[in-house]
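*Asks:* what would the 3D arrangement of this be:
(chains A and B)
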Number of protein chains: 2
Amino acid sequence: MNIKLRPIGFVECERQDLSDDYWGDVISRIILDDQIFPSDATLNLEQFSHLEIIYYLHEVDDDAIETGARYPRGDSSLPLVGIFGQRAKGRFNKLGLSRCELVAVNDYEITVKGLDAISESPVLDIKPLMSGFLPQGPIKEPSWTETIMANYYKTKG
Amino acid sequence: MNIKLRPIGFVECERQDLSDDYWGDVISRIILDDQIFPSDATLNLEQFSHLEIIYYLHEVDDDAIETGARYPRGDSSLPLVGIFGQRAKGRFNKLGLSRCELVAVNDYEITVKGLDAISESPVLDIKPLMSGFLPQGPIKEPSWTETIMANYYKTKG
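*Replies:* I've put the predicted structure just below:
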């Protein structure tokens, strides 16, 4: 079974490299495909502070895809974890998912802050962040996530 | 540009209908494709309390896809909102995204609670919920989201 998707738009930003950290102050524009969408596709979108973006990790090589367990960030001082227990880029289907701040909306152009996608990434969906969809109750996660997230959203200053 | 994806597994649950509410107590099993993944793909996954699931809304008809503005849930007492300002199922690329509680992991079988996907939905990716990826700072959203979320995660009991 194959599922065919078509990008709804593309990311434009200054970030070209796939390195892991310092996404906090990255400003990106998502340019929607005006062949698919009318301009009211973004009507009232600015009433939300955050968006969830599903995008395609187009620069990840097929050889870099891991299907089993690996060390997060290749760091063997961390525990071995299966690919579904981490957010590594080298994953089957190459889907990226992250939240970002909404800065501005102008018809086909959505400006966001802190999106961890390099320039020219194909965008597959944009959803508004609704607090009702956030986890209710406490979140449990292993302690190594703190290590890998330490500089992820830091600004480079 | 076309992007071809292949399901990493499928949802099995009792819920067959695409209606909107009462997902809170739905228990689902995600059965991973053992032709793609070794059994350690889920190693240590149980250390997380919540997962984020990207899945394909396979039962949505192409005619039901909206690309512009519509009333959330078709309710004209709510404001008109562009498709990217709502989480309607009838959206381009038919991608579903939601968080759920992780109940149990058994090699190729992941049991979750509160996943808003009907049975047989193709799963495209599974990521662990890390608190570092949640929005920092206050969330702003329009008041109509409260109306539509009122019973979304209620239990039917």
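*Asks:* next SSE after the longest strand along chain A?
*Replies:* Scanning chain A for the longest strand, with DSSP state E as the assignment, gives strand A:95-106. The helix or strand immediately downstream of strand A:95-106 is strand A:109-113, counting by DSSP states H and E.
*Asks:* in that next one, what counts as buried?
*Replies:* A:110-113 (16 or more other Cβ atoms under 10 Å in any protein chain shown). For every residue, glycine as well, the C-beta is placed using N, CA and C.
*Asks:* can you give the strand pairings for it, parallel or anti for each?
*Replies:* Applying DSSP bridges to the sheet, strand A:109-113 is found paired with strand A:27-32 (antiparallel), strand A:95-106 (antiparallel).
*Asks:* got the CA positions of that strand in CSV?
*Replies:* In CSV, the C-alpha atoms belonging to strand A:109-113 read as follows (Å, rounded to 0.1, in the frame of the first residue of the first chain):
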residue,chain,number,x,y,z
GLU,A,109,2.6,33.4,3.5
ILE,A,110,2.8,32.2,7.1
THR,A,111,5.7,33.4,9.2
VAL,A,112,6.7,31.3,12.1
LYS,A,113,9.5,31.2,14.8
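*Asks:* show residues contacting it.
*Replies:* Strand A:109-113 is touched from outside by A:25-32, A:42, A:45, A:51, A:53, A:100-105, A:126, B:84, with contacts defined as Cβ atoms under 8 Å, 6 or more residues apart in numbering or on different chains.
*Asks:* Produce a ChimeraX select command limited to the buried residues of these.
*Replies:* Remark: buried members of the contacts of strand A:109-113, expressed as a ChimeraX selection using 16+ other Cβ under 10 Å:
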select /A:26,27,28,29,30,32,42,45,51,53,100,101,102,105,126 /B:84
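*Asks:* any idea where the helices of chain A begin and end?
*Replies:* With DSSP state H as the criterion, chain A has helices at A:144-149.
*Asks:* so where's it shaky on pLDDT?
*Replies:* A:157 (pLDDT under 70).
*Asks:* in it, which spans are strands?
*Replies:* A:3-5, A:9-12, A:27-32, A:50-56, A:69-70, A:81-82, A:95-106, A:109-113, A:122-128.
*Asks:* the first one: which residues count as buried?
*Replies:* The reference is to strand A:3-5. Going by 16+ other Cβ under 10 Å, strand A:3-5 has these buried residues: A:3, A:5.
*Asks:* parallel or antiparallel, which strands does that strand pair with?
*Replies:* Strand A:3-5 has these strand partners (DSSP bridges): strand B:3-5 (antiparallel).
*Asks:* and the strand it pairs with, how far from the chain's centre?
*Replies:* Distance of strand B:3-5 from its chain centroid, counting by Cα atoms, centre = their mean, to the nearest Å, is 19 Å.
*Asks:* please see if stretch A:54-63 touches chain B.
*Replies:* Yes - on the criterion Cβ under 8 Å from any Cβ of the partner chain, stretch A:54-63 is in touch with chain B at A:54, A:56.
*Asks:* quick one: end-to-end length of that stretch, please.
*Replies:* 22 Å (Cα to Cα, to the nearest Å).
*Asks:* one more: stretch A:80-88?
*Replies:* 13 Å.
*Asks:* can you check stretch A:28-45 too?
*Replies:* One end of stretch A:28-45 to the other measures 16 Å (Cα to Cα).
*Asks:* who wins for proximity to residue B:146 among the strands of chain A?
*Replies:* Closest to residue B:146 of the strands of chain A is strand A:122-128 (Cβ to Cβ; 13.3 Å).
*Asks:* does the closest one reach chain B?
*Replies:* Yes - Strand A:122-128 is in contact with chain B by Cβ under 8 Å from any Cβ, via A:122, A:124-128.
*Asks:* give me the contacts around that strand.
*Replies:* A:5, A:7-11, A:30, A:45, A:48, A:50-56, A:58, A:95, A:110, A:117, B:1, B:3, B:84-87, B:91-93, B:95, B:97, B:141, B:145.
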